[in-house]
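1. What follows is a predicted structure for the sequence shown.
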Amino acid sequence: MNMQMAILEESKEQLVVRLRSHSFLTRCRAGEVSLDELKIFLVQQGLYSAYFTRYLCAMMANLPSNEEVLELAENLFEELGLAPNSPRPHHLIYREMLEHYSVSLDGAQPLAGTRRLIDSMFQHCRNLNPAAGLGALCLGAEGLVPPMYGDIILGFEALGAARRDLEFFHIHVECDDGHAETIRDIMLDIASSAPEQIDLMLQAGHRLVDARLEFFSSIEAAHREASHAQPAIA
């Protein structure tokens, strides 16, 4: 068990380093990202996150026991605003942030990278082998959220954003480590009786990071295209 824990933790750290090396997050940390580009991120991340409860439910349906389902239900309750320490649904907090920055998901279309990220997460979470969904959600999502959102916060703060404007991101920086640990513990329980499942979990994490990197690249490309399309000022 200790060896499997070490493998999962080391892999998560490697994936975090790989994710944060993308130029989008690098520029956020350096305060070199524009508000227009961050607005594209807000919309595209919103389109991906709108399915989060469905990703989670799809994966929970394949778990081997009700005990494990109940452990993950806490994550679901927090997302829906049903947990005592999370009285407001997260999607409403996100919508308020969008409204603050004068953007909306209404009529928004996913970029190619966003569509790949959504499809990849659904594919893994719907896999009848729960190891695929667990690896995708833990190593490819929840375990990456605190460092990823931390970089995004730095990008907004460099443009003068106040903490209250970024409540959604701060909530997830503070709570998603716990979510990742809950999923990781279920992964360890499965791996204790079927060690070969570790490889599938790691593969899922790497595939989701591949998709997330493409997601960031799509945002950069969309911003460049929008910038070039703007008429020159005489």
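-> Perfect, thanks for sending it.

2. so where's the chain shaky on pLDDT?
-> Low-confidence segments of the chain, defined by pLDDT under 70: 1, 75-87, 176-178, 230-234.

3. run the last query once more with 90
-> For the chain, the stretches flagged by pLDDT under 90 are 1-6, 8, 52-53, 56-57, 60-61, 63-92, 171-185, 189-195, 227-234.

4. Just list what the biggest helix by length in the chain packs against, helices and strands only.
-> Assignment by DSSP state H gives helix 197-229 as the longest helix of the chain. Helices and strands touching helix 197-229, by 3 or more CB pairs under 8 Å, 6 or more residues apart in numbering; DSSP states H and E, are helix 2-20, helix 23-29, helix 35-49, helix 112-125, helix 130-137, helix 167-193. Every residue, glycine included, has its C-beta placed from N, CA and C.

5. Number of residues surrounding His22?
-> Neighbour count of His22, defined by other CB atoms under 10 Å: 20.

6. Against Gly107, how distant is the nearest residue in space to it that is not next to it in sequence?
-> Using CB to CB, 6 or more residues apart in numbering and skipping the chain neighbours, the partner closest in space to His22 is Phe216 (4.8 Å). To Gly107, Phe216 is 23 Å away according to CB to CB, to the nearest Å.

7. Ser218 contacts Leu47, doesn't it?
-> No: in terms of CB atoms under 8 Å, Ser218 does not count as a neighbour of Leu47; the distance is 11.5 Å.

8. returning to what we had before: what's around the residue nearest to His22, how many residues?
-> 20.

9. Let me see the contact set for the residue nearest the centre of the chain.
-> Nearest to the geometric centre of the chain sits Ala141, at 4.3 Å (CA atoms, centre = their mean). The contact partners of Ala141, taken as CB atoms under 8 Å, 6 or more residues apart in numbering, are Tyr55, Met121, Leu208.

10. what's around the last one, how many residues?
-> The reference is to Leu208. Applying other CB under 10 Å, I find that Leu208 has 25 neighbouring residues.

11. So for it, what's the nearest residue that isn't a sequence neighbour?
-> Closest to Leu208 by CB to CB, 6+ apart is Gly140, at 2.4 Å.
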